[in-house]
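# With the sequence up front, the predicted model follows.
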Amino acid sequence: MTAYVALLRAVNVGGTGKLPMTELKAMCEKAGFKSVRTYIASGNVVFESAKAEAQVKAALEAALTKYAGKPVGVMVRTAAEMAAVLAGCPFQEMPGNLTAAFFLDEPPAVGALQALTNQTTEQVQLGVREIYAYFPDGAGQSRLKIPAAKAATARNMNTVAKLAEMAGELR
């Protein structure tokens, strides 16, 4: 069994994509995932599965599409990958609530940072399948546009740390 973290895109944010975490947990259990736990009401779930990452992603996306009546993006990482996202953050010395990882399905293009717009005080760096950003004035105040992260889902580093911890407990 592999420990996974699944991150849902645009769930319970700004009144869109309402999904009670009890429903998400039930969906995961119905898909055959074990030791299912959710974390905060923004679409974070940790579980174990014998399925490969692509199968986990497909199963969750199918269940969520059926539930929501429209596609819901899902990013999946193993426990080891989530720990690596945390360890690889280039902004370790900055507050976790002001630093975020934008999770992608694929590695970001080498030139992804050249397409940034509205960048002021924000710092941005590429990761393996993530784009890291530090928002000195808070993400809510930022007008930064990251075209390479259009289909991504972001989590602040405090959330990444908690999810890495939860997933690590399953291994």
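Okay, I see it.
# The residue lying closest to Leu163 once chain neighbours are set aside: what's it in contact with?
Using C-beta to C-beta, 6 or more residues apart in numbering and skipping the chain neighbours, the partner closest in space to Leu163 is Val5 (4.9 Å). (Each C-beta comes from the backbone N, C-alpha and C, glycine too.) By C-beta atoms under 8 Å, 6 or more residues apart in numbering, Val5 lies in contact with 44-46, 76-79, 82, 163-164, 166-167.
# same thing with Phe102?
130-133, 146, 149, 152-154.
# ok, it to Lys145 distance?
12 Å (C-beta to C-beta, to the nearest Å).
# okay, the nearest residue to Glu106 once chain neighbours are set aside: pLDDT?
Closest residue to Glu106 in three dimensions, ignoring its sequence neighbours and counting by C-beta to C-beta, 6+ apart: Arg129, at 6.5 Å. At Arg129, the predicted lDDT confidence score is 96.
# close enough to count as contact, Arg129 and Ala101?
No. Applying C-beta atoms under 8 Å as the test, Arg129 and Ala101 come out as separate, 9.6 Å apart.
# Could you check which of these two is surrounded by more residues?
Taking other C-beta atoms under 10 Å, Arg129 and Ala101 do not tie; Ala101 has more neighbours (27 against 19).
# tell me the contacts of the closest residue to Ala148 other than its chain neighbours?
Leaving aside its sequence neighbours, Ala148 sits nearest to Ala112 (C-beta to C-beta, 6+ apart; 3.8 Å). Taking C-beta under 8 Å, 6+ apart as the contact definition, Ala112 lies against 126, 131, 146-148.
# Neighbour count says what about these? Which are buried?
126, 131, 146, 148 (16 or more other C-beta atoms under 10 Å).
# Now that we have the residues you listed, can you turn them into a markdown table and tack on distance to Glu53 and secondary structure?
Formatted as a markdown table, these follow (distance: C-beta to C-beta, whole Å; DSSP: H, G, I helix; E, B strand; the rest coil):
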| residue | distance to Glu53 | secondary structure |
| --- | --- | --- |
| Leu126 | 21 | strand |
| Ile131 | 19 | strand |
| Ile146 | 24 | coil |
| Ala148 | 21 | helix |
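# of all these, which comes closest to Asn158?
Set against Asn158, the nearest of the buried ones among the contacts of Ala112 by C-beta to C-beta is Ile131 (17.7 Å).
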